[in-house]
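S.K.: Starting from these lines, generate the structure:
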Amino acid sequence: SYNTGFEFYILLPVFMYYIFKKHKEIILLILIVVLLYYARVSVFELKTIDIQESYKVKVIGSITQKNKTSFVGKLNGSKVMVYLDYYDDEILPGDRLEVKGIIESPIESTIPGTFNYKNYLKSKNIKNILYVEEHTVVSHSFSIETIRAKISEYIDVNMPLSSAYVKTFILADKSEFDTDFKEKLNYLGVSHLFAVSGLHVGLVILVVKSVSDRYFSKSIGNILLFILLPTYMLCANSTSSILRATLMYGGYVIREKYKLRISSLDILSIIFIGLLMYRPYYYYDVGFVLSFVVTCSILMSKYLLKNVEKNTTIIRITLIAFIVTLPIILKLNYRINLTTLFINIILIYYMTFIILPMGYITFAIPTLDRLYYAFIEIFEYVIVLVSNINVFSVYITITSTIQIMIYYFLVFMLTAYWCSKRVRI
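M.R.: Here you go, the predicted model:
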C-alpha cells in the first residue's frame, strides 16, 4: 500500500452518484450503511491485545521462509503478523503455537508516496505485529493453507519450468517472479494480466457451462460452479479481484433465479459495501481499488460498448481501463509507457487464448511443461523488449488529491459530451 487511501475517496463518490441518481428512495438505507461502516471501523480500532508473558497463536496464513520465518496468525480472535527471530521450516499452516515475544504496532510511513506497511496490514485486517523469540508447537488442525502448500509442492515437482505462471493462475502466488520482471510489468501497465480475476473466473465458468450443457443440465452446471468457484477462490488466497469476480457471478445467478430487478452496478455496489464491512480498510489494497474502479467504469460505459464488433469491444475496454487507472498507476510508478495501450491489446489476446488456458491445461497435464514454457519465453521476450524502449516513457508526478479529482472530472465531462454527440447523430 503506497498511501493509496485517496482512491477510496474517488471510488466512493462514483458509487454514491449512481445510487443518488437511480435510487433516491434508499437514501435512509445509505445513511444506515455509513453508520454501520464507521461502527465496524471503531470495532477494529478499539480491539486490543493485552501484553502477556506468552501467547497462543494459530498459523492461518501462508508461511514465508527467507532468512527468518514469518506468517499471518490468529491471536485471541484477531489477526496478527508474526515474525520469528530465526528460521524454522517445520512450522505448518494450522499449527497452534505457544510463543514468547513482543507485541507492537506497525510504524507509520514518514515519507509521502512510499510503501506504507501499516496501511498494508490494515487492509488485511491486521493491526499488530508479534515478534517471536521462542515457540513451541502445541497442536495442529486443518487449514486451507495446507492444501495450498500441497498444490504448490505438486507444481514445483511436476512443472519446474513454468511453475511461476501456473502458481500465479492457480494459487495467485506471484512470489516466484523476480523483482525486475514485476517492475517491467508495472511499467508497461500489464500487471493486471497476472491478477486472478474475472478473466480467470470467466474461463472456469465457460468450461464448466460448456461441459454441463452438453452432458448434463444447466442446474447441474450451476451446482458445480457453486462448489468450484469458492474452492478456486480459497485456493487463490481470496484476493480482492477473484473475490469480487466470484461474488459478482453469485449475484447474477441469484438475480436470474429470483427475477430480481437489480442491475449489475447494484450487485457491484452491494459487494463493494459488503467487503468494506468485512475489511474496513480494504481500500488500502491497490488490487481492491483497481478491481472495482475498472469494473465500475466498464459497467457505466456499456453504452460505448453496444453494437460493436468483438475486437472493437476489447480495444475500447482496454482504453477505458487505461484512462480510469492512469492516476493510480502514476501514483505508484511515477511514469507511464505510451506503448501501454498497444501492448495491452496484443498481450490480452496472447494471455487470454494461449498463456492462461495453457496454464490450466499444464496443471492438469504436467508433461506439457516444456511446450508451455516455450510460449512463456515468447511472452517474456516481448515484455523485456518493449520495456527497454524508453523513448515512449513519460514521467508524471501526482502530488495532490485535487489533481486526481480534476482529472476524473474532465474524463467524466468529456465522456458525457462524446456520448451526447453520438445520441444526436
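S.K.: any idea how far Glu377 is from Ser152?
M.R.: Counting by CB to CB, to the nearest Å, the gap from Glu377 to Ser152 is 23 Å. For glycine as for every other residue, the C-beta is placed from the backbone atoms N, C-alpha and C.
S.K.: Can you pick out the residue with more neighbours from those two?
M.R.: Using other CB atoms under 10 Å, the more surrounded residue of Glu377 and Ser152 is Ser152, with 20 against 11.
S.K.: Low-confidence stretches in the stretch 251-400 of the chain?
M.R.: The stretch 251-400 of the chain contains residues with pLDDT under 70 at 391-392, 398-400.
S.K.: ok, now how distant is the residue lying closest to Ser240 once chain neighbours are set aside from Ala164?
M.R.: Closest residue in space to Ser240, ignoring its immediate chain neighbours: Phe288 at 3.8 Å, by CB to CB, 6 or more residues apart in numbering. Counting by CB to CB, the gap from Phe288 to Ala164 is 24 Å.
S.K.: what do you get for Asp89?
M.R.: Taking CB to CB, one finds Asp89 at 21 Å from Ala164.
S.K.: Kindly report the same for Lys47.
M.R.: When Lys47 is compared with Ala164 (using CB to CB), they lie 38 Å apart.
S.K.: With Asn311 instead?
M.R.: Distance from Asn311 to Ala164, by CB to CB: 30 Å.
S.K.: What of Val207?
M.R.: Using CB to CB, we find Val207 at a distance of 23 Å from Ala164.
S.K.: Settle it for me: which of the two has more neighbours?
M.R.: Neighbours per residue (other CB under 10 Å) separate Val207 from Ala164, with Ala164 holding more: 18 against 13.
S.K.: so where does that one fall, helix or strand?
M.R.: When elements are assigned from DSSP states H and E, Ala164 belongs to helix 163-171.
S.K.: State the mean pLDDT of that helix.
M.R.: Averaged across helix 163-171, pLDDT comes to 93.
S.K.: so what does it touch, helix or strand wise?
M.R.: helix 144-158, helix 356-364 (3 or more CB pairs under 8 Å, 6 or more residues apart in numbering; DSSP states H and E).
S.K.: Which one of these lies nearest to Ala236?
M.R.: helix 144-158 (8.9 Å; CB to CB).
S.K.: now the closest one: how far from the chain's centre is it?
M.R.: Centre-to-centre, helix 144-158 and its host chain are 21 Å apart (CA atoms, centre = their mean, to the nearest Å).
S.K.: contact partners of it?
M.R.: Helix 144-158 is contacted by residues 59-63, 92-94, 163, 166-167, 170-171, 173, 234-235, 237, 363, 366, 369 when judged by CB atoms under 8 Å, 6 or more residues apart in numbering.
S.K.: What are the buried residues along the strand or helix carrying Ala39?
M.R.: Using DSSP H and E, Ala39 sits within helix 27-46. By neighbour count on 16 or more other CB atoms under 10 Å, the buried set for helix 27-46 is Ile30.
S.K.: Please renumber the chain so that the first residue is 40 from this point on.
M.R.: Got it, the first residue is 40 from now on, which makes the last one we talked about helix 66-85.
S.K.: what's the next secondary structure element after that helix?
M.R.: strand 94-98.
S.K.: buried residues in stretch 85-93?
M.R.: Applying 16+ other CB under 10 Å to stretch 85-93 flags no residue as buried.
S.K.: Now the terminal residues of that stretch, how far apart.
M.R.: End-to-end span of stretch 85-93 (CA to CA, to the nearest Å): 22 Å.
S.K.: Give me the mean pLDDT for that stretch.
M.R.: Looking at stretch 85-93 alone, the average pLDDT works out to 88.
S.K.: Can you name the residues in contact with it?
M.R.: 114-115, 117, 119, 137-139, 142, 166-167.
S.K.: Can you report phi and psi for Tyr159?
M.R.: Its backbone dihedrals place Tyr159 at phi -60, psi -50, with angles given as degrees, to the nearest 10.
S.K.: again with Ile168
M.R.: Dihedral angles for Ile168 - degrees, to the nearest 10 - are phi -120, psi 130.
S.K.: Could you give the number of residues near it?
M.R.: Neighbourhood size, Ile168 [other CB under 10 Å]: 20.
S.K.: And it, how far from Leu160?
M.R.: Counting by CB to CB, the gap from Ile168 to Leu160 is 8 Å.
S.K.: repeat for Phe216
M.R.: 23 Å.
S.K.: More neighbours: which of these two?
M.R.: When neighbours are counted by other CB under 10 Å, Phe216 and Leu160 differ, and Leu160 comes out ahead with 22 against 17.
S.K.: Does the more buried one touch Lys166 like I think?
M.R.: Yes: using CB atoms under 8 Å, Leu160 makes contact with Lys166 at a distance of 7.1 Å.
S.K.: show me where the stretch 140-289 of the chain has helices.
M.R.: For the stretch 140-289 of the chain, applying DSSP state H, counting those that start in this stretch gives helices covering 156-161, 183-197, 202-210, 218-227, 237-254, 257-274, 279-297.
S.K.: The residue nearest to Leu286 when sequence neighbours are not counted in helix, strand or coil?
M.R.: Of all residues not flanking Leu286 in the chain, Ile310 sits nearest, at 4.7 Å (CB to CB, 6+ apart). Following DSSP: H, G, I helix; E, B strand; the rest coil, we place Ile310 in the helix state.
S.K.: ok now do Ile310, which residues does it touch?
M.R.: Counting by CB under 8 Å, 6+ apart, Ile310 touches 283, 286-287, 290.
S.K.: again, 10 Å this time
M.R.: Residues in contact with Ile310 (CB atoms under 10 Å, 6 or more residues apart in numbering) are 282-287, 289-290, 331, 334.
S.K.: where does Lys113 land in three-state SS?
M.R.: Lys113 ends up strand, using three-state DSSP.
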